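A.B. asks: Dropping a prediction and its sequence here:
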Amino acid sequence: MMSVIDNYLPVAMLTIVGVAFVFIAFFLSRLLRPSAPSTVKSDIYECGEITIGDTKIYHNVQFYLYAIAFLIFDVEMIFLYAWAVQFRELGFISFIEMFIFIGILVIGLVYLVKKEALEWIQ
């Protein structure tokens with residue numbers, strides 16, 4: 001039991017020091033910063049200009065779905081590239097596993113097409 005404590009004691013100490021550093025940094029920044037609140041500083045602006053009309057603009061969820069789909073398939077390319085580089089060393093089992101991986105991604109792509117998540121709004 002003592003060896004477990006000896007192994008994890010440095011990790012626990014580093015975690016405590018890290019959390020303490022964050023709280024001390026927040027406390028010191030709040031203590032030392034200049035504070036002169038005013039209505040001009042609290043006013044809403046876009047790119048240095050005063051806004052005209054309502055500042056809350058709601059975007060269609062379709063754009064977020066498109067971005068998430070792009071990220072998913074972009075990360076897939078990272079896995080495919082690493083697999084292709086190591087293909088000869090990995091063997092036939094990795095070949096089967098990659099087909100299963102690509103099959104799952106194709107199912108996801110079919111789902112996106114079926115839900116029309118990849119269609120741009122006209």
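C.D. replies: Here it is on my side, so go on.
A.B. asks: quick check: mean pLDDT across the helix or strand containing Ser3?
C.D. replies: Using DSSP states H and E, Ser3 falls within helix 2-32. Averaged over helix 2-32, pLDDT sits at 91.
A.B. asks: just stretch 98-109 next, same as before
C.D. replies: In this model, stretch 98-109 carries a mean pLDDT of 89.
A.B. asks: roughly how far is it from the heart of the chain?
C.D. replies: Relative to its chain's centre, stretch 98-109 lies at 22 Å (Cα atoms, centre = their mean, to the nearest Å).
A.B. asks: How about stretch 25-45?
C.D. replies: 28 Å.
A.B. asks: Strands along this protein, start to end?
C.D. replies: Using DSSP state E, the strands assigned to the chain run over residues 45-46, 49-50.
A.B. asks: then stretch 107-121 to CSV, C-alphas only?
C.D. replies: Once non-C-alpha atoms are left out, stretch 107-121 reads as follows in CSV (Å, rounded to 0.1, in the frame of the first residue of the first chain):
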residue,chain,number,x,y,z
ILE,A,107,-23.3,4.9,-42.1
GLY,A,108,-22.8,8.3,-40.5
LEU,A,109,-22.6,9.9,-43.9
VAL,A,110,-25.7,8.2,-45.1
TYR,A,111,-27.5,9.4,-42.0
LEU,A,112,-26.3,13.0,-42.7
VAL,A,113,-27.5,12.8,-46.3
LYS,A,114,-30.9,11.3,-45.2
LYS,A,115,-31.4,14.1,-42.6
GLU,A,116,-30.3,16.7,-45.2
ALA,A,117,-27.7,18.0,-42.9
LEU,A,118,-25.3,18.7,-45.8
GLU,A,119,-27.8,20.8,-47.8
TRP,A,120,-27.1,24.5,-47.8
ILE,A,121,-30.2,26.7,-47.2
